[in-house]
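# Can you look at this prediction? I've put the sequence above it.
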Amino acid sequence: MDSLSRRKLLGGCAAGLLAGLAGCSTDAAMFVETVETPTAVGRKATDGPEREPRDSDRAELVAAAVNGGTNRSDSYGPPYQPDRPVVHNDTVYTLSWSEATRDTSRTEHEIVLTVHDDDRATDAEFADLPAVDRERVDPRMVETAVRRVEDTDEEFPVDYGARFYWPPAEREASALVPEPQYDTIEIAGQPVELSVEPTTVSLDVYRYTASERASSVAAFGRKLRRDHRFELSGLSKPEREFFDRVRSEGSFYKGSFDDVPDGAFKGLADHFVAEPAIFVENTTGEWLTRYDGTDYWVEIDFVLLDEYEQRLHAVESL
């Protein structure tokens, strides 16, 4: 389940925001994936191009950290905080970061979209904007503003504001900053006036460095197999039938809607929380287990099961 964040899905379900979507009213969730080779194990335990192939900023940051270290600035904290080792050119590294003793600033732009609902003339359409602008000003902003009118007593025109950063090179290609070239643009079928205001934002500076952990993803996977894999055995018949089902289907969401005996999930979960997880983050643990001669990567998110969350514990070191 890579295209939609598991945690976002579960968080939305727990809040009751995605009624009708599989996994809503979820007490817990389990994901099981076969990992037949050391490379497959290593990829599950690292963050690299396979996970975010289109994130060029992240790849550049990791490459720079490997090649002597790099600084990155952000107003919201470290821009990249992986929860596991990272991969660069098939070598596995531990990425470290710390706040530098200095800070910096940059110019960002407050964009206010004033959405109208009339037949006034427009100067351009959204598709006419350069790519650097379309990547920031999303038609969903206008759609959200329209829904505000539909769902409340608010009336047109309605404003939607957001702040964005255009690097200097992209600023030169922009039709919106530093001054908009158009007064009114058709976006999502609505005439939209734009106003732009520059603002200076203070940024913290973070120093990133990297230290080698393994010469290859496969070598890292072999180490995890040797040090942290455990044999899943001693299951009761209901537990075994349940795990067979989950490994076949790939995932399971536990809640009032499921058709699995309560004892089957909890009994199986007991086997996992008794073992140190390779990774623990909030309510989630990840394990490497061997079952019936095959290796599996198992992730369990104990969304609402506090008694299991409290029993999660991680390996002392990778």
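Sure thing, it's come through.
# What are the structural domain limits within the protein?
1-47+216-318, 106-202 (automatic domain parsing).
# Could I get those domains in JSON lines, plus columns for mean neighbour count?
Where C-beta positions appear, they are placed from N, C-alpha and C, glycine not excepted. Output for those, formatted as JSON lines (neighbours: other Cβ atoms under 10 Å):
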{"stretch": "domain 1-47+216-318", "mean neighbour count": "17"}
{"stretch": "domain 106-202", "mean neighbour count": "15"}
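# my guess is K44 meets E36, correct?
No - counting by Cβ atoms under 8 Å, K44 sits too far from E36 to count as a contact (11.7 Å).
# Least reliable of the domains of the chain by average pLDDT, please.
Least confident of those, judged by mean pLDDT, is domain 1-47+216-318 with a mean of 88.
# Look up how far G293 lies from G263.
26 Å (Cβ to Cβ, to the nearest Å).
# next one: T46
25 Å.
# the strands in this protein, which residues?
Taking DSSP state E as the test, the strands found in the chain are 26-34, 70-74, 86-88, 91-115, 124-125, 158-164, 184-187, 190-214, 230-231, 251-255, 279-281, 284-291, 294-301.
# what does the fifth one contact?
Outside of strand 124-125, the residues that reach it under the criterion Cβ atoms under 8 Å, 6 or more residues apart in numbering are A175, Y182, I185, E186, I187.
# Please name the residues that touch V66.
H88, T91, Y93, A210.
# now do 6 Å
H88, A210 (Cβ atoms under 6 Å, 6 or more residues apart in numbering).
# Same question for L113.
M141, Y160, V192.
# For M141, see how far away it is.
L113 is 6 Å from M141, by Cβ to Cβ.
# Need the overlap of contacts for the two.
Shared contacts of L113 and M141, counting by Cβ under 6 Å, 6+ apart, come down to Y160.
# picking up where we left off before, ok, which of the domains of the chain comes nearest P79?
Taking Cβ to Cβ, domain 106-202 is the member of the domains of the chain nearest to P79, at 11.7 Å.
# what's the spacing between that closest one and its chain's center?
26 Å (Cα atoms, centre = their mean, to the nearest Å).
# Give the burial count for the closest residue to S216 other than its chain neighbours, as a bare number.
Among residues not flanking S216 along the chain, D90 sits closest, at 5.2 Å (Cβ to Cβ, 6 or more residues apart in numbering). Here the count is done by other Cβ atoms under 10 Å, and D90 has 15 residues near it.
# is it true that D90 touches A218?
No - in this structure D90 lies outside contact range of A218 using Cβ atoms under 6 Å: 8.4 Å.
# that older thread, local confidence estimate at the residue nearest to S216?
In this model, D90 carries a pLDDT of 96.
# One more: the one 5 residues further on?
The pLDDT attached to L95 in the predicted structure is 98.
# For the closest residue to it other than its chain neighbours, which residues count as its bridge partners?
The shortest distance from L95 to any non-neighbouring residue, by Cβ to Cβ, 6+ apart, is to V86 (4.9 Å). Beta bridges link V86 to D47, Y93, judged by DSSP bridges.
# and what of R290?
Beta-bridge partners, per DSSP bridges, of R290: E231, D295.
# Now do it against P38, distance only.
13 Å.
# still on that earlier bit, for the contacts of L113, give me JSON lines that also has distance to L304.
Putting these into JSON lines (distance: Cβ to Cβ, whole Å) gives the following:
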{"residue": "M141", "distance to L304": "33"}
{"residue": "Y160", "distance to L304": "34"}
{"residue": "V192", "distance to L304": "42"}
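# on that earlier part again, the residue nearest to L95: neighbour count?
Count around V86 with other Cβ under 10 Å applied: 24.
# Please verify my assumption that it contacts R43.
No - between V86 and R43 there is no contact under Cβ under 6 Å: 11.8 Å.
# quick one: the nearest residue to G285 once chain neighbours are set aside from L288, how far?
Excluding its sequence neighbours, the residue lying closest to G285 (Cβ to Cβ, 6+ apart) is A277, at 3.6 Å. As judged by Cβ to Cβ, A277 and L288 stand 9 Å apart.
# and what of L268?
16 Å.
# now E316
Distance from E316 to L288, by Cβ to Cβ: 16 Å.
# cool, and A59?
Taken as Cβ to Cβ, the span from A59 to L288 is 26 Å.
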